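S.K.: have a look at this fold, sequence not included:
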Ligand SMILES: *[C@@H]1O[C@H](CO)[C@@H](O)[C@H](O)[C@H]1NC(C)=O
Ligand SMILES: *[C@@H]1O[C@H](CO)[C@@H](O)[C@H](O)[C@H]1NC(C)=O
């Protein structure tokens with residue numbers, strides 16, 4: 001009796017703590033930005049719903065410069081054709097910077113496509129697409145944006161799938177002076193998302209859910225009260241303070257990560273703007289880097 005009673009109490013306390021810690025995490029870092037009635041909270045999980053009325057989206061309460069942002073997502077199961085779930089960082093304004101993960105749904109059994117893009121000073125057009133090496137609708141997987149003064153790295157379960165390298169030495173602008181928010185949303189994009197827009201969303205399979213857990217932001221926070229230059233100064237390492245993401249070892253991928261990236265590109269990449277000669281007869285300058 002005593003044992004089962006304490007086991008019961010232990011279980012109860014454990015559940016309460018887990019629930020508190022995790023849901024505090026979302027509330028601590030994020031807030032819904034639209035369609036509050038399309039948010040569902042189940043213990044440590046957050047669910048965003050897409051139906052024929054609306055999708056839903058959330059955003060970080062703060063803006064950041066540099067560091068690492070990770071969420072775990074389980075994408076829409078079954079027939080997800082026409083749906084897009086996005087996870088991205090973005091600054092504001094016409095000359096904004098943006099680092100995008102977009103998960104394009106597909107018909108049952110066909111592979112999800114992950115599209116990434118990088119906007120610098122308001123200009124994007126840097127799409128890459130890959131089909132993942134697992135079914136992202138079956139389990140949670142982690143999606144990470146790592147950002148420092150040298151590179152922006154997109155990672156899936158810690159495997160780098162894309163690097164946008166600082167090439168200021170070649171005269172190219174690099175996103176390093178605008179604070180960025182963290183965003184995620186689900187919406188209907190059946191005009192373009194699945195097989196180029198040929199496959200439409202089948203609303204008889206709605207509602208569609210993207211499920212989230214384990215929100216982590218380890219980055220330099222930028223108070224809105226500070227001017228952009230002051231935030232840039234605050235978030236740069238100096239003699240007095242050194243941010244972990246500015247360690248020399250993180251200025252480029254290590255050898256193991258380089259091999260992982262090569263493996264991803266060789267086996268899973270289905271589109272690379274750098275290789276799209278119809279679109280870019282002269283390859284964009286930063287693409288030279290992708291070719292070795
Ligand atoms: C949305 O779907 C429901 C259920 O299928 C249907 O009753 C409703 O009319 C639809 N609403 C719109 C705006 O299409
Ligand atoms: C969906 O599946 C088709 C057929 O396998 C594939 O060509 C396509 O790249 C997949 N992804 C999207 C977003 O259409």
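M.R.: Right, received. Where do you want to start? Just so it is clear, the model here is predicted, and its values are computed rather than measured. Numbers count the residues shown, from 1 in each chain. Ligands and ions are numbered 1, 2, ... in the order given.
S.K.: sheet partners, orientation included, of whichever strand or helix holds residue 161?
M.R.: Using DSSP states H and E, residue 161 sits in strand 159-165. Here strand 159-165 is paired, per DSSP bridges, with strand 151-156 (antiparallel).
S.K.: list the residues that contact the residue lying closest to residue 113 once chain neighbours are set aside.
M.R.: Once flanking residues are discounted, residue 113 sits nearest to residue 104: 4.4 Å by CB to CB, 6 or more residues apart in numbering. Every C-beta, even on glycine, is put in place using the N, C-alpha and C of the backbone. Applying CB atoms under 8 Å, 6 or more residues apart in numbering, we find residue 104 in contact with 84, 112, 113, 114, 115, 189, 193, 194.
S.K.: rerun at 10 Å
M.R.: 75, 80-86, 111-115, 129, 189, 192-195 (CB atoms under 10 Å, 6 or more residues apart in numbering).
S.K.: so where's the stretch 51-200 of the chain shaky on pLDDT?
M.R.: Regions of the stretch 51-200 of the chain meeting the criterion pLDDT under 70 are absent.
S.K.: quick one: residue 245 is in a strand?
M.R.: No - counting by DSSP: H, G, I helix; E, B strand; the rest coil, residue 245 is not part of a strand but helix.
S.K.: please report the distance of it from residue 260.
M.R.: Distance check for residue 245 against residue 260: by CB to CB, to the nearest Å, it reads 19 Å.
S.K.: so between those two, which is more surrounded?
M.R.: residue 245 (21 against 18; other CB atoms under 10 Å).
S.K.: check the more buried one and give its pLDDT.
M.R.: Here, the pLDDT recorded for residue 245 equals 96.
S.K.: what comes into contact with the strand or helix carrying residue 59?
M.R.: Using DSSP H and E, residue 59 sits in strand 56-60. Identification of contacts with strand 56-60 by CB under 10 Å, 6+ apart yields 26, 29-40, 46-50, 69, 86, 89-90, 180-187, 209-210, 212, 215, 217, 219, 221.
S.K.: check these for burial and list the buried ones.
M.R.: Buried by 16 or more other CB atoms under 10 Å: 26, 29-30, 32, 35, 38-39, 46-50, 69, 86, 89-90, 180-187, 209-210, 212, 215, 217, 219, 221, out of the contacts of strand 56-60.
S.K.: circling back: how far is the strand holding residue 161 from where the chain is centred?
M.R.: How far strand 159-165 lies from its chain's middle: 12 Å, per CA atoms, centre = their mean, to the nearest Å.
S.K.: next, the angle from whichever helix or strand comes after that strand to strand 56-60.
M.R.: Remark: after strand 159-165, the chain's next helix or strand is strand 181-188, criterion DSSP H and E. Angle of strand 181-188 versus strand 56-60, following axes from the mean of the first three to the mean of the last three CA atoms, to 10 degrees, is 170 degrees.
S.K.: strand partners (parallel or antiparallel) of strand 181-188?
M.R.: With DSSP bridges as the test, strand 181-188 pairs up with strand 56-60 (antiparallel), strand 83-90 (antiparallel).
S.K.: distance from the chain centre to the longest one, please.
M.R.: Averaging C-alpha positions (CA atoms, centre = their mean) puts strand 83-90 6 Å from its chain's average.
S.K.: which SSE is immediately downstream of it?
M.R.: Heading C-terminal from strand 83-90 (DSSP H and E), you reach strand 98-104.
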